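A.B. asks: Model the following, please.
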Amino acid sequence: MPNGSFPILFITATRIGDAVLSSGLIRKLLQEIPHARFTVVAGPAAAPLFEEIPHLDEVIVLEKAKDRSHWISLWSKVRRKEWGLVVDLRGSAISGFLRRKRRAVFHRIAGPPVHKVIEASRVLRIADGVAAPYLYASAETEARAVELTAGKGPILALAPAANWIGKTWPLERFAQTAIQLLGEGQPLAGGRLMVLGAPEDHHVMDSLRHVVLKGRLIDLVGKVDLLTAHACLKRAALFVGNDSGLMHLSAAAGAPTLGLFGPSDERLYAPWGQATRVVRGPREFEQIRLGDPNFSQALCHMMDLTVPTVLAAARELLAASQPAVEPADA
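C.D. replies: Just a heads-up that it's a prediction; the model follows:
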């Protein structure tokens, strides 16, 4: 380990949401090991989240192969180095074949479900609580976000897509919610609408672009990278979105975040933080799973979540987060 550096191999998740929820471990390691140098391994979707962390040597994109040969490919890239620490949140066997001083490997523990942030924190055996999600962004990324969100009035951020249609609230209900929250006499009156999503989510704008005047629309769907989206979300007065990676990005950014849940378990995947809430229809996750164990009726599971229910939760969250809300235009 030349020059007193402490090389850390950090193997994180494939999915964006899981990677965000474990991101606080890197901050914790930097606080405890100031001379750490990081090599981060992540799936193609999540890898961009780690491109601007301090003391970064490399981000290795790990693409899954059906025959699991991706682990052999990774081993060939990292085997020559002696690692101070290998953190493996994927629970693989690779750390056993590498030269390292210490390792911290995820192992599933029997018992009641725990949130993924707590689960990740247990890998490092954090004694003083949990490592809350935290993403690093450069000054250039923050400056770009300031430019994209420049203007007057509070920002309502919506993320109407998800990685599975069964977790997706109907688009027209997102539109109705935005119209209500941004309307005259409402909590975000005079505000702006910011819509986020991946390039393949461009269709969401068909239902949302007419909710506000063109000058009050911030269309970021498929137009910014994940870290820029995260930096933009720091400027949001409220986020409303499905259980998705963008929901977790919003919570990590500190924006008041309302997650819409149906066939996913908020005990594991609720947005993390004080300024967060979960809302669902009248059925709990276990009730949905009991009635449809294979989630084959995907289109039905979010239909019982009504606009009034979401609006009530949004207004309650806004009231609780009032100091963070930018005043509307006079």
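
A.B. asks: all contacts plus neighbour counts: C-alpha atoms, from now on.
C.D. replies: Fine.

A.B. asks: any idea what sits nearest A104, other than its immediate chain neighbours?
C.D. replies: Counting by C-alpha to C-alpha, 6 or more residues apart in numbering, A104 lies nearest to V87, which is 4.8 Å off, once chain neighbours are set aside.

A.B. asks: Now do the SS call for that neighbour.
C.D. replies: Here V87 takes the strand state, with states given by DSSP: H, G, I helix; E, B strand; the rest coil.

A.B. asks: burial count for it?
C.D. replies: Each residue near V87 was counted by other C-alpha atoms under 10 Å, and the total is 22.

A.B. asks: which ones are touching it?
C.D. replies: Contacts for V87 (C-alpha atoms under 8 Å, 6 or more residues apart in numbering) come out as I8, L9, F10, I11, R103, A104, V105, V123.

A.B. asks: Would you enumerate the residues in contact with the fourth one?
C.D. replies: This means I11. With contacts defined as C-alpha under 8 Å, 6+ apart, I11 is in contact with V40, V41, A42, V86, V87, D88, L89, R90.

A.B. asks: so how far is V240 from the last one?
C.D. replies: With distances taken as C-alpha to C-alpha, to the nearest Å, R90 is found 29 Å from V240.

A.B. asks: The fifth one now?
C.D. replies: Note on V87: its distance to V240, by C-alpha to C-alpha, is 33 Å.

A.B. asks: hang on, L135 is in a strand, isn't it?
C.D. replies: No - residue state for L135 (three-state DSSP) corresponds to coil; a strand is not indicated.

A.B. asks: Wait, it touches G24, no?
C.D. replies: Yes - with contact defined as C-alpha atoms under 8 Å, L135 counts as touching G24 (7.4 Å).

A.B. asks: All the strands of the protein, residue numbers only.
C.D. replies: Counting by DSSP state E, the chain has these strands, from start to end: 6-11, 36-42, 56-61, 83-88, 100-105, 155-159, 192-195, 217-219, 238-242, 257-261, 276-280.

A.B. asks: got those as TSV, with distance to T141 and mean pLDDT columns?
C.D. replies: Shown next, in TSV, are those (distance: least, C-alpha to C-alpha, whole Å; pLDDT from 0 to 100):
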stretch	distance to T141	mean pLDDT
strand 6-11	23	98
strand 36-42	20	98
strand 56-61	17	98
strand 83-88	27	97
strand 100-105	31	96
strand 155-159	18	98
strand 192-195	17	98
strand 217-219	17	97
strand 238-242	20	98
strand 257-261	22	98
strand 276-280	24	98
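
A.B. asks: So which of the ones you listed is nearest D128?
C.D. replies: Nearest to D128, of all those, is strand 100-105, at 17.3 Å by C-alpha to C-alpha.

A.B. asks: now the angle from that closest one to strand 83-88?
C.D. replies: With axes from the mean of the first three to the mean of the last three C-alpha atoms, to 10 degrees defining the directions, strand 100-105 sits at 10 degrees from strand 83-88.
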